[in-house]
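> how would this look folded up:
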Amino acid sequence: MSSTEIEANLKGGTVSTDILTSEESGEKEELEAVNDQQRKQNEEDDHDTDLEIDEEKEEFDATGRKEYLEVCKCLEIVPSSYFLRHMQDSVLSLGHHGIGSLGAKAISFPLMKNTAVMKLDLQDNRLEGVGGDRIARMLKENCFITDLDISENRLGSRGLKSICRMLTVNSTLKRINLSGNHFSDQDAGYLFSAIGENMGLKDVNLSHNEFSDNAAAVLGQALAVNEFIEYLDLSWNFFRRGSTHKLCEGIWSNCRLKEINFAMNGFGDEGALAVAEVLMRSTTLYVIDISYNRISTTGASAIGKALEQNDALRILRIGHNPLGMDGAKSVLNGVAFENCVVTVLDMSGVEVDREFRDTKQIIQEKKELEVFHGLVLGDNKITSNPLKENGNTLLIN
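Sure thing, here's the model as predicted:
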């Protein structure tokens with residue numbers, strides 16, 4: 001075989017030795033040695049290739065820890081060791097951790113793909129509008145979180161706008177706490193589409209904000225068409241007189257709402273008249289709190305008459321209002337009606353007389369009823385203090 005033919009066979013990878021004659025045995029041995037060397041080289045190349053592929057493969061980061069650390073590095077912030085330890089817990093409590101807006105951005109990336117967290121607590125972290133926006137974006141992608149507490153974060157207009165946009169597409173959240181976020185009456189417009197279109201929320205907390213007349217009208221319209229919310233907290237806002245009536249119009253049209261908190265709004269007797277209308281019309285409302293609302297005897301009398309026709313309410317909280325003796329008795333007499341099913345009447349801070357106490361005892365003999373109230377006037381006795389030698393000092397027992 002010519003050298004040219006040998007070279008041609010080498011280029012093909014291996015050399016066939018069957019065709020070689022006995023005269024070319026020396027060349028045969030040489031070619032076999034070359035073939036062995038070529039095979040060894042090919043095996044080494046294959047091993048090197050396998051190592052390179054293994055090096056190129058990156059382990060899948062199911063927890064999101066690596067992604068979180070990379071984002072923190074890019075944002076030049078210190079990673080939260082607590083978040084790293086608990087990011088796979090079903091309840092992730094990050095309240096009062098000082099996360100801030102950048103921290104919210106950092107945790108939002110791994111949480112987008114997180115499948116473990118179901119309850120997320122971000123209370124009091126000064127997220128502000130920017131941080132609220134990042135959390136809202138995350139919740140557009142995450143379909144496992146059902147409970148969100150983002151209260152006391154100063155979200156403001158930007159934060160509420162982002163949250164409300166998220167709620168129009170998110171159907172996983174069942175409970176959201178937006179308490180204490182400096183929402184003003186001008187921000188209320190964002191709530192209409194969020195509450196009107198959302199089909200998942202059952203519990204909404206909007207307490208400790210600055211909602212007033214405009215918000216009352218918007219919320220009233222939204223609640224009239226919403227068929228999912230069961231618990232609504234509107235305490236510590238600025239719903240006054242006429243605005244309460246607009247809000248209540250939507251509430252009595254709602255066929256799902258079970259509990260509402262109106263405490264600390266100061267809507268007075270006009271608001272109490274609107275609440276009385278709700279009690280006469282609603283067949284689903286089980287709990288209502290209208291304490292601390294400047295309700296006098298007039299408003300209490302209207303509520304008492306409404307209770308005569310109500311057969312759904314279980315708990316009525318009307319304490320710390322200037323009801324007066326007659327107003328307190330009007331509410332109690334309304335509860336006394338046979339069709340009324342109220343089991344808890346909270347009139348804490350309201351002074352009553354002996355007649356009220358006696359009526360209460362009679363009612364409790366006939367039906368299950370727990371009543372809380374203030375002092376019973378007329379029960380106090382003035383006696384002398386035996387410890388004083390002059391006998392002139394008096395004590396009230």
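
> where does Ala328 sit: helix, strand or coil?
helix (DSSP: H, G, I helix; E, B strand; the rest coil).

> now do the contacts for Asn205.
Residues in contact with Asn205, defined by C-beta atoms under 8 Å, 6 or more residues apart in numbering, are 151, 176-179, 233. Every residue, glycine included, has its C-beta placed from N, CA and C.

> element containing the spatially most central residue of the chain?
Geometric centre of the chain, nearest residue: Ile176, 2.3 Å, by C-alpha atoms, centre = their mean. Using DSSP states H and E, Ile176 sits in strand 175-177.

> list the contacts of that strand.
In contact with strand 175-177 (C-beta under 8 Å, 6+ apart) are residues 123, 146-151, 163, 167, 201-205.

> quick one: strands adjacent to that strand?
Here strand 175-177 is paired, per DSSP bridges, with strand 147-149 (parallel), strand 203-205 (parallel).

> and the stretch of helix or strand Ala217 belongs to, C-alpha only, in CSV?
Using DSSP H and E, Ala217 sits within helix 213-225. The C-alpha coordinates for helix 213-225 follow below in CSV (Å, rounded to 0.1, in the frame of the first residue of the first chain):
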residue,chain,number,x,y,z
ASP,A,213,-67.8,61.0,50.3
ASN,A,214,-66.3,60.0,47.0
ALA,A,215,-65.1,56.6,48.3
ALA,A,216,-68.5,55.9,49.7
ALA,A,217,-70.2,56.4,46.3
VAL,A,218,-67.6,54.3,44.5
LEU,A,219,-67.6,51.5,47.1
GLY,A,220,-71.4,51.5,47.2
GLN,A,221,-71.6,51.0,43.4
ALA,A,222,-68.9,48.3,43.4
LEU,A,223,-70.4,46.4,46.3
ALA,A,224,-73.8,46.4,44.6
VAL,A,225,-72.4,44.2,41.8
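
> buried residues in that helix, which are they?
213-223 (16 or more other C-beta atoms under 10 Å).

> which of those lies closest to Leu377?
Of all those, Leu377 sits closest to Ala216, with 36.7 Å by C-beta to C-beta.

> please work out how many residues are found near the nearest residue to the closest one once chain neighbours are set aside.
Nearest residue to Ala216, sequence neighbours excluded (C-beta to C-beta, 6 or more residues apart in numbering): Ser243, at 3.7 Å. Ser243 has 26 neighbouring residues, counting by other C-beta atoms under 10 Å.

> Ser243 against Asp213, yeah?
Yes - Ser243 lies in contact with Asp213 (C-beta atoms under 8 Å); the separation is 4.3 Å.

> tell me the contacts of Leu273?
By C-beta under 8 Å, 6+ apart, the contact set of Leu273 is 245, 299, 302.

> run a quick neighbour tally on the first one.
To tie it back to what came earlier, the one meant is His245. Other residues close to His245 by other C-beta under 10 Å number 18.

> pLDDT below threshold where in this structure?
Along the chain, the model assigns pLDDT under 70 to residues 1-60, 379-397.

> where along it do the helices fall?
Counting by DSSP state H, the chain has helices at residues 3-11, 25-56, 65-75, 81-86, 100-112, 128-141, 156-167, 189-197, 213-225, 241-253, 268-281, 297-309, 324-336, 354-366.

> will you turn the ones you listed into JSON lines that also has distance to Leu92?
Output for those, formatted as JSON lines (distance: least, C-beta to C-beta, whole Å):
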{"stretch": "helix 3-11", "distance to Leu92": "64"}
{"stretch": "helix 25-56", "distance to Leu92": "34"}
{"stretch": "helix 65-75", "distance to Leu92": "13"}
{"stretch": "helix 81-86", "distance to Leu92": "6"}
{"stretch": "helix 100-112", "distance to Leu92": "8"}
{"stretch": "helix 128-141", "distance to Leu92": "12"}
{"stretch": "helix 156-167", "distance to Leu92": "18"}
{"stretch": "helix 189-197", "distance to Leu92": "24"}
{"stretch": "helix 213-225", "distance to Leu92": "30"}
{"stretch": "helix 241-253", "distance to Leu92": "33"}
{"stretch": "helix 268-281", "distance to Leu92": "37"}
{"stretch": "helix 297-309", "distance to Leu92": "42"}
{"stretch": "helix 324-336", "distance to Leu92": "43"}
{"stretch": "helix 354-366", "distance to Leu92": "45"}
